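Q: Whatever this is, show me its structure:
(one chain, ligands or ions: 1)
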Amino acid sequence: MPTNRVAVFRKITFNAAHRLYYKNWSEEKNREVFGLCANENYHGHNYRLDVRVVGDTDPITGYVINLDELKKIMQEEVHHRFDHHNLNLDCPEFKDLNPTGENIVVVIYNLLRHRLDKKYDLQVRLWETERNYFEYPA
Ligand code: NI
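A: Down below sits the predicted model:
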């Protein structure tokens, strides 16, 4: 049966620094588990975020969602919050949460989910490098 459900995508990028470690482990144990990512002085990534919103196309506007509105939400919730920040030190979201791709993608999903109408399905993909990316919900 034909439907008018469409997936709409928007992407943004942000640059941020992080370090992966568990405070109750020794330097050696952290180094063993997290490798270079445990480096004490942090390192940066050029993150890319793909946001997928699925909903019914409105018969009048022809829109699933106004992309200007989605852009504004993504800038406020993601770019302003994380761009050029140190995720470990500057962002309360990661005060007690290791800023791995897995954890970042869930944090971002929840931030966006709160801003979007329940009628939409949301999926978020976070690229940490050109080869490593994370998706939520799985
Ligand atoms: Ni890293």
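Q: As a check, name the ranges of all helices in this protein.
A: Using DSSP state H, the helices found in the chain span residues 27-34, 67-74, 80-82, 87-90, 101-115.
Q: Give the residue spans of this protein that score low on pLDDT.
A: For the chain, applying pLDDT under 70 flags the ranges 1.
Q: thinking again about what came up before, tabulate the helices of the chain (CSV), appending mean neighbour count and distance to residue 12.
A: Heads up, the C-betas are built off the backbone N, CA and C, glycines and all. Formatted as CSV, these follow (neighbours: other Cβ atoms under 10 Å; distance: least, Cβ to Cβ, whole Å):
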stretch, mean neighbour count, distance to residue 12
helix 27-34, 14, 27
helix 67-74, 15, 5
helix 80-82, 18, 10
helix 87-90, 18, 16
helix 101-115, 18, 10
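Q: residue ranges of the strands in the chain, please?
A: 5-18, 43-56, 85-86, 121-127, 133-136 (DSSP state E).
Q: related to what we said a few turns ago, in a markdown table, list the helices of the chain along with distance to residue 134.
A: As requested, these are arranged in a markdown table below (distance: least, Cβ to Cβ, whole Å):
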| stretch | distance to residue 134 |
| --- | --- |
| helix 27-34 | 16 |
| helix 67-74 | 17 |
| helix 80-82 | 15 |
| helix 87-90 | 14 |
| helix 101-115 | 4 |
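Q: Ok, which of the ones you listed comes nearest residue 40?
A: helix 27-34 (8.2 Å; Cβ to Cβ).
Q: CA atoms of that closest one as PDB?
A: Backbone C-alpha positions of helix 27-34 (Å, rounded to 0.1, in the frame of the first residue of the first chain) are rendered in PDB as follows:
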ATOM      1  CA  GLU A  27      47.100   4.900  33.700                       C
ATOM      2  CA  GLU A  28      48.300   1.400  32.500                       C
ATOM      3  CA  LYS A  29      44.800  -0.100  32.500                       C
ATOM      4  CA  ASN A  30      43.400   2.900  30.700                       C
ATOM      5  CA  ARG A  31      46.100   2.800  28.100                       C
ATOM      6  CA  GLU A  32      45.500  -0.900  27.600                       C
ATOM      7  CA  VAL A  33      41.800  -0.500  27.000                       C
ATOM      8  CA  PHE A  34      41.600   2.900  25.200                       C
END
